[in-house]
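[1] model the structure of this input:
(chains A and B)
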Amino acid sequence: GAVVSQHPSRVICKSGTSVKIECRSLDFQATTMFWYRQFPKQSLMLMATSNEGSKATYEQGVEKDKFLINHASLTLSTLTVTSAHPEDSSFYICSARQGLAVETQYFGPGTRLLVL
Amino acid sequence: GQSLEQPSEVTAVEGAIVQINCTYQTSGFYGLSWYQQHDGGAPTFLSYNALDGLEETGRFSSFLSRSDSYGYLLLQELQMKDSASYFCAADSNYQLIWGAGTKLIIKP
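    As a prediction, the model looks like this:
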């Protein structure tokens, strides 16, 4: 099946620093990529949706200046958490969709961010 | 607003059958998906129902009733490795609206 990778899998950083998370679709071209955040024992919360070459669409309540998304190619999207604070500590999951149908949406393994 | 309701936790015995229900209220509904997520892992796709009825895939089956805005995931011959959280997600205009997840606890 289709594979989506994320790097890094885990990151610990100091408050105030910026962290970049990469998401790649390894064996397919993704028309759309999604970024989710998941707090412990909670559901996935969609942060933003991005299409290659265009600006990301952010969900209500997600600060676009804090969570920078760059969808540089059909196989790569990056999420940068700028000036991270402890409340940004979470599990960040990217997802890539090959077509329009949700069955073609594949999830990365997630990145666990801990901000001290 | 758009929402999905599913039980927070279900407990079952190894080898048994368990059903996880999901009711939804969304606009632009196209279908209902189910995902499995183990602790610390990413969601993995289990099934998608666009039409009413039962879809069977091995030990897992999923059902949808559009008229009742209701679906369920049926897991048979439970194994310890099935212990995980299960999420229903509504396909609303090609966007996934997620339920809060059901933690399935399996006892030997």
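[2] who's in contact with the residue nearest the centre of chain A?
    Closest residue to the average C-alpha location of chain A: A:Trp35 at 3.5 Å, with Cα atoms, centre = their mean. Residues in contact with A:Trp35 (Cβ atoms under 8 Å, 6 or more residues apart in numbering or on different chains) are A:23, A:46-48, A:50, A:67, A:69, A:77, A:79, A:92-95. (C-beta placed from N, C-alpha, C; glycine too.)
[3] just these now: which is nearest A:Leu113?
    A:Tyr92 (6.1 Å; Cβ to Cβ).
[4] follow-up on the earlier one: pull the most distant pair out of the contacts of A:Trp35.
    Maximum distance among these (Cβ to Cβ): 15.4 Å, for A:Phe67 and A:Ser95.
[5] in contact with B:Leu104, which residues?
    By Cβ under 8 Å, 6+ apart, B:Leu104 lies in contact with B:Glu9, B:Val10, B:Thr11, B:Ala12, B:Val18, B:Ile20, B:Leu75, B:Asp82, B:Ser83, B:Ala84, B:Ser85, B:Tyr86.
[6] paired strands for the helix or strand hosting B:Cys22, with orientation please.
    Following DSSP states H and E, the helix or strand that holds B:Cys22 is strand B:18-25. Using DSSP bridges, strand B:18-25 pairs in its sheet with strand B:3-5 (antiparallel), strand B:70-75 (antiparallel).
[7] follow-up on the earlier one: neighbour count: A:Phe67 and A:Ser95, which is higher?
    Applying other Cβ atoms under 10 Å in any protein chain shown to A:Phe67 and A:Ser95 shows that A:Ser95 carries more neighbours, namely 25 against 19.
[8] for the host helix or strand of the more buried one, the distance to its chain's centre please.
    Secondary-structure assignment from DSSP H and E places A:Ser95 in strand A:90-97. Taking the mean of its C-alpha atoms, strand A:90-97 sits 4 Å from the chain's own mean (Cα atoms, centre = their mean, to the nearest Å).
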